[in-house]
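Engineer: quick one: sequence plus predicted model below, questions after.
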Amino acid sequence: MLRNYFKLALKVLGRNKFFTGISLFGISFTLLILMVITAFYDAEFGKNPPLSEKGKMVIINRLQQELVRPDTTWTIDSTLVDGLMTYDSTYEIGEAVNSTSISNPSYKFLDDYLRDLDGVSQYTFFSPGHDFNVFLENRKISVAAIYTDDPYWEIFDFHFTNGAPFGASHLRDASQVAVMTSKLAREYFGDEEKAINQEIEIGNRSYRVIGLVENAHTTSPMVAADIFLPLSTMEDQDLEGQDFLGNFNAVYLAENSRQMPLIKSQITSKVATIAMPNPEEYNRMKIIPINFGEWYASEIVNQDDPAKGLQRIRLVFGLLLLFFILLPTLNLINMNLSRIMEREAEIGVRKAFGAYSGTILYQFVFENIIITFIGGIIGMVLAVLVLYLINDSQILPEITLGFNMRVFFYSIFICLGFGILSGLLPAWKVSRLQIADVLKSNQL
């Protein structure tokens, strides 16, 4: 039966080549855009190394200090008493924020107050966002560095192509060793194989390369760097400074996702009990621990309330995606309805010979799925080409968009849904046709 439906669908597509071409273009172009969006989403939010465990991460990347003073708000009420206007006043005591200082927390702050939390399997303190210029044979190479501790390599699952990460002994001895990306190794040494145990000058210090990792294909500053250095090789003021503000981040890996609210509440509670060193300058401190999605939202929308920012992004993205799917779907419904109604005579004859409405419904939905899948195959080929062009042109230099099996199955699901949505209503309408109505239309 399905084989007959498939043969019939191909013959129907060949009847009106112009209509078929328009339909295939609309389907393939729409699916092309959806596949590219899906590839971007998978690159940023999928379980891809070195962020395979992002669903269990609690992140601290922002500390806010405030000077809060009492603030009195007066309210004047008026009313008529025995024909005379009477005034009364009330007041509320609130607070006013006179000054605010926002930055990353310092290493000293994290080290003193935010270790050993319940529900945490591993945690790391690291300092991202360090940029250096490295000069080699009259060439300047811009190098992005992250100073890390040794648990960093257990939380972020980088793929090592050669060598190994630095460990606790390297941190303890402040060994000047480094892990670099394969890309930087090729750029600096000319060959990955030559990089291990070679020296590279970073910030007036010479580091010995002990490991090579694949580039992190993501925009996340937690892992997007060219070289990784032991944090114990940083300047003393960066590690031992008494100020609460600094340039460090913390990531806690929960034992399971159910432990994440517990970890967040512990961080908030601990911070609330910390005495401010200079209360005349700042007398309140606030840290908002966030998950990966909230971190992403805070970089785009709302840093004061990352959870609300994430909700807004999801709402906007969902509405845009719904609009983008709904508009071409409605156009295809109209086109499919016109195409199917041209076959009233065929439907009338089949019904006269006893065909059920459900059988006709299944046939036309199946035909629409076939044309959608043909458009989907074209869209997939175009998507692979567009993804290659995006990666090759370095339009998004931090991200490599891939058409992997996960994106492939997403695309198949999109094709199936698109075909059913755009074909169900026309097929249902035409399956309800009565033989008498077809006879009256003089098409038999």
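Structural biologist: Okay, I see it.
Engineer: tell me the secondary structure of Ser127, please.
Structural biologist: What DSSP: H, G, I helix; E, B strand; the rest coil gives for Ser127 is strand.
Engineer: okay, now Glu193: neighbour count?
Structural biologist: By the measure other Cβ atoms under 10 Å, the count of residues near Glu193 is 10. For glycine as for every other residue, the C-beta is placed from the backbone atoms N, C-alpha and C.
Engineer: please identify the helix or strand for the nearest residue to it once chain neighbours are set aside.
Structural biologist: Nearest residue to Glu193, sequence neighbours excluded (Cβ to Cβ, 6 or more residues apart in numbering): Asn162, at 7.6 Å. Assigned by DSSP states H and E, Asn162 belongs to strand 160-163.
Engineer: and what of Ser298?
Structural biologist: helix 292-300.
Engineer: next, give phi and psi for Thr233.
Structural biologist: phi -90, psi 0 (degrees, to the nearest 10).
Engineer: next, count neighbours for it.
Structural biologist: Burial of Thr233 is recorded as 20 neighbouring residues (other Cβ under 10 Å).
Engineer: again with Asp116
Structural biologist: Counted with other Cβ under 10 Å, the neighbours of Asp116 add up to 7.
Engineer: what pLDDT does it get?
Structural biologist: Confidence at Asp116, expressed as pLDDT, is 89.
Engineer: phi, psi for Gly26 please.
Structural biologist: phi -60, psi -40.
Engineer: quick one: pLDDT of it?
Structural biologist: 75.
Engineer: likewise Thr329?
Structural biologist: At Thr329, pLDDT is 66.
Engineer: likewise for Thr75?
Structural biologist: So, for Thr75, pLDDT stands at 65.
Engineer: just checking: what are the partner strands of the strand holding Asn162?
Structural biologist: Sheet partners assigned to strand 160-163 using DSSP bridges are listed as strand 205-213 (antiparallel).
Engineer: adjacent strands (with direction) for the next helix-or-strand element following the partner strand?
Structural biologist: The helix or strand immediately downstream of strand 205-213 is strand 227-230, counting by DSSP H and E. As defined by DSSP bridges, the strand partners of strand 227-230 come to strand 139-148 (parallel), strand 177-181 (antiparallel).
Engineer: for the record, mean pLDDT for strand 227-230?
Structural biologist: What strand 227-230 shows for mean pLDDT is 98.
Engineer: ok now that strand, how far from the chain's centre?
Structural biologist: Chain-centre distance of strand 227-230: 25 Å, with Cα atoms, centre = their mean, to the nearest Å.
Engineer: residues making contact with that strand?
Structural biologist: 143-149, 152, 165-166, 170-171, 174-181, 184, 200, 202, 207, 213 (Cβ atoms under 8 Å, 6 or more residues apart in numbering).
Engineer: and what of stretch 282-296?
Structural biologist: By Cβ under 8 Å, 6+ apart, the residues outside stretch 282-296 that reach it are 44-45, 51, 54-55, 57-68, 99, 101, 105, 244, 260, 263-264, 267-268, 271, 274, 276, 298, 305-307, 309-310, 313.
Engineer: among the residues you listed, name the ones in helices.
Structural biologist: 44-45, 260, 263-264, 267-268, 271, 298, 306-307, 309-310, 313 (DSSP state H).
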